[in-house]
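1. Output the structure for:
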Amino acid sequence: MNQLLIKNKKGIVIYNIKYKNALNLCLLKLFGGIFENEKLKYSYIISSYLKNMNIKQINLCNSFVINSSFIDTILLNIDFNSSILKYTVFMRNYLELISFNNCDLTFTNYSSSFVNNCDFSRAMLLNTNLSRTTFISNKVKLAELIRADFSESILRDNLFNRCVINNVKLDYSCLEYVYIDHSKIYNSYLLNIMFDSIDFHYINFKNTLFKFCQLLDSRFNNSDFYKLTFLKNLESCNTCYWVTYKYTKFRESKYLSNIYKNTSFDSCEFDKDLKDNCNFYDFSIINSSFNQINYKLNIFKKGSIENCWIYNSMLKYTELIDVFLFKSYIYNSDFSYSNFNSCRLDGLNIYNSYLRNTNYEKNYFNNIVFNDSEVSKSEFWNCKFLNVTFNDVDLSDTVFSECRFENVKFNNSHLDNMIFSNSVLQNCIFIDCDMEYLYFDKTKQINQKIIYKYLI
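-> Model (predicted):
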């Protein structure tokens, strides 16, 4: 038979609790005690209040800790494995090396606590309050976090592996060096969060709202974004540094007024995405596909788009500045009312697309094929075209000023009211084109051919 002695500041014993193998506390208040080095499996702590305690190296496996409170207490190296801790409060505590493995933590409150090197594997965190906590170097594996609250918390060096995270709040929190792997994040609201050096691997995001968030030096690999809303993220700092998305799916998601800087998209899928008023700086998009996206009033500056597929998409009022577009396929898409400035377009195949009322300044076009597309009422200034083919393209009312064309073919295209001004055409060929009111103003033509296979 052991005894738990609780003394007050004057050294007077105020509690003398006898126990053997298990601890049974019910409706008890304890203040300022030390409790350590005990094996107390199958204990019961019911509706009790413990404050300013120092509890170390205790085995409380398979115990019931219900409707109890641990306030301003140190808990070190405690094993709660397979215990039920419902409606329990750990407030303003220091918790380190605690095992909550396979525990039921329904309505448990860790508010304003320091939680370090704890194990939440296979735990149920239903309506669990972790707000204003410092949550460091913890393992959360195969756990369910449902309506959990991490608001105003710091999460650093944590592992979340194969978890279900549903309807979780992370408002005004900071996440640093957190690894989230093979997990599902559903129906959550993420407001004013700092994500710094976060690894998201094989994550399924669904119906989640990111608002006023900051992503720095983070990676999204093999993830799935479904019906997400990214609303005015990064607005407070206006930058998003070194974020990597790899093998990531963006499906039916919304991105409004976001800023991406030094961001990389590798082998990603964009399906029915909506992006408005977003800015991309020093970006890279490679081996990715865009299907039925609706992008409007976006700016792409100093980046590259390589080996991509864009089809059945709307990209009106897009501005591209110093962008390299390489070996990509554009089908049935609309870039009307856009601006291309100082861009290099190389190896593109553009089919059945619209580029009406678009402005091009100081661009380089190389090995481009335009098929069955409309480029009417557009303006090209100081551009160079090399080995470019226009097949069945409407170029009517378009102006080319101070441009250079080499080995360019216009085949069965509409060139009505088109103007070449102060330009050079070398080794160009016009085949069966409608050239009514085509106008050459101060333009030099070298070895040019006009061929009609049949009379129009």
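2. so where is the stretch 201-350 of the chain shaky, pLDDT-wise?
-> 228-240 (pLDDT under 70).
3. redo that, cut-off 90
-> Where the stretch 201-350 of the chain drops to pLDDT under 90, the residues are 201-263, 272-279.
4. List the contacts of residue 206.
-> Listed by Cβ atoms under 8 Å, 6 or more residues apart in numbering, the contact partners of residue 206 are 184-187, 224, 226-228. Just so you know, the C-beta spots here come from the backbone N, C-alpha and C atoms, and that holds for glycine as well.
5. Dead centre of the protein: give me the residue that sits there.
-> residue 220 (6.7 Å; Cα atoms, centre = their mean).
6. List the strands paired with the particular helix or strand that has that residue in it, with their directions.
-> Secondary structure from DSSP states H and E places residue 220 in strand 219-221. Partner strands and pairing direction for strand 219-221 (DSSP bridges) are strand 199-201 (parallel), strand 244-246 (parallel).
7. How about residues contacting the first one?
-> By that I understand strand 199-201. Contacts of strand 199-201 (Cβ under 8 Å, 6+ apart): 178-182, 218-223.
8. hmm, 10 Å instead?
-> Applying Cβ atoms under 10 Å, 6 or more residues apart in numbering, the external contacts of strand 199-201 come out as 159-161, 177-183, 185, 218-223, 244-248.
9. following it, which helix or strand shows up next?
-> Once strand 199-201 ends, the next helix or strand along the chain (criterion: DSSP H and E) is strand 204-206.
10. Report all helices and strands that the next helix or strand after that next one contacts.
-> Using DSSP H and E, the helix or strand that follows strand 204-206 in sequence is strand 209-211. Helices and strands touching strand 209-211, by 3 or more Cβ pairs under 10 Å, 6 or more residues apart in numbering; DSSP states H and E, are strand 189-191, strand 229-231, strand 254-256.
11. count of residues packed around residue 207?
-> By other Cβ atoms under 10 Å, the residues close to residue 207 number 16.
12. again, but for residue 27
-> 10.
13. quick one: it from residue 46, how far?
-> In this view, residue 27 and residue 46 are 7 Å apart by Cβ to Cβ, to the nearest Å.
14. Quickly list what's touching both of these two.
-> Common neighbours of residue 27 and residue 46, counting by Cβ under 10 Å, 6+ apart, are 67-68.
15. returning to what we had before: which one of the strands paired with strand 219-221 lies nearest to residue 338?
-> Distance to residue 338, taken as Cβ to Cβ, is lowest for strand 244-246 among the strands paired with strand 219-221, at 23.7 Å.
16. quick one: average pLDDT of stretch 133-146?
-> Taken as a whole, stretch 133-146 carries a mean pLDDT of 95.
17. for that stretch, which positions count as buried?
-> By neighbour count on 16 or more other Cβ atoms under 10 Å, the buried set for stretch 133-146 is 133, 135-136, 138-146.
18. Ends of that stretch, what's the gap?
-> Stretch 133-146 has its terminal residues 17 Å apart, counting by Cα to Cα, to the nearest Å.
19. Count the neighbours of residue 370 for me.
-> Close neighbours of residue 370, defined as other Cβ under 10 Å, add up to 26.
20. For the helix or strand hosting it, name the packing helices and strands.
-> Using DSSP H and E, residue 370 maps to strand 369-371. In terms of contacts (3+ Cβ pairs under 10 Å, 6+ apart), strand 369-371 is packed against strand 349-351, strand 389-391, strand 409-411.
21. which of the residues in the first one are buried?
-> In other words, strand 349-351. Within strand 349-351, the residues that qualify as buried by neighbour count (16+ other Cβ under 10 Å) are 350-351.
22. What average pLDDT does whichever helix or strand comes after it get?
-> Per DSSP H and E, the first helix or strand lying C-terminal to strand 349-351 is strand 359-361. When pLDDT is averaged along strand 359-361, the result is 97.
23. Given strand 359-361, what are its sheet partners and their directions?
-> Assessed with DSSP bridges, strand 359-361 is paired to strand 339-341 (parallel), strand 379-381 (parallel).
24. export these to TSV and tack on distance to residue 124?
-> TSV is the format used below for the strands paired with strand 359-361 (distance: least, Cβ to Cβ, whole Å):
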stretch	distance to residue 124
strand 339-341	54
strand 379-381	63
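25. May I see those strands organised as CSV, with distance to residue 318 and mean neighbour count added?
-> Listed next are these as CSV, based on distance: least, Cβ to Cβ, whole Å; neighbours: other Cβ atoms under 10 Å:
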stretch, distance to residue 318, mean neighbour count
strand 339-341, 8, 19
strand 379-381, 16, 20
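26. Quick one, which of the ones you listed gets closest to residue 364.
-> strand 339-341 (10.4 Å).
27. So for the helix or strand following that closest one, what gets flagged as buried?
-> Moving toward the C-terminus from strand 339-341, the next helix or strand (DSSP H and E) is strand 344-346. Under the neighbour-count criterion of 16+ other Cβ under 10 Å, strand 344-346 has 345-346 buried.
28. And for stretch 52-65?
-> Neighbour counts over stretch 52-65 (16+ other Cβ under 10 Å) mark 53, 55-56, 58-65 as buried.
29. about what we covered before: from what I see, the residue nearest to the centre of the chain and residue 210 are in contact.
-> No: using Cβ atoms under 10 Å, residue 220 makes no contact with residue 210, being 11.9 Å away.
30. What is the end-to-end distance of stretch 378-398?
-> For stretch 378-398, the end-to-end distance is 5 Å (Cα to Cα).
31. With stretch 391-410 instead?
-> 6 Å.
32. before we move on, what about stretch 35-55?
-> Terminal-residue distance, stretch 35-55 (Cα to Cα): 5 Å.
33. quick check: mean pLDDT across that stretch?
-> The model assigns stretch 35-55 a mean pLDDT of 86.
34. Please enumerate residues in contact with the host helix or strand of residue 445?
-> Assigned by DSSP H and E, residue 445 belongs to strand 444-446. Contacts with strand 444-446, where a contact means Cβ under 10 Å, 6+ apart, come from 404-406, 420, 422-428.
35. what's across from residue 425 in the sheet?
-> Per DSSP bridges, the residues bridged to residue 425 are residue 405, residue 445.
36. do you know how far it is from residue 314?
-> From residue 425 to residue 314 the distance is 33 Å (Cβ to Cβ).
37. Look at the two and report which has more neighbours.
-> residue 425 (22 against 17).
38. what sits against that one?
-> So residue 425 contacts 385, 400, 403-406, 408, 440, 443-448 (Cβ under 10 Å, 6+ apart).
39. repeat for residue 384
-> Residue 384 neighbours (Cβ under 10 Å, 6+ apart): 344, 362-366, 403-406, 424.
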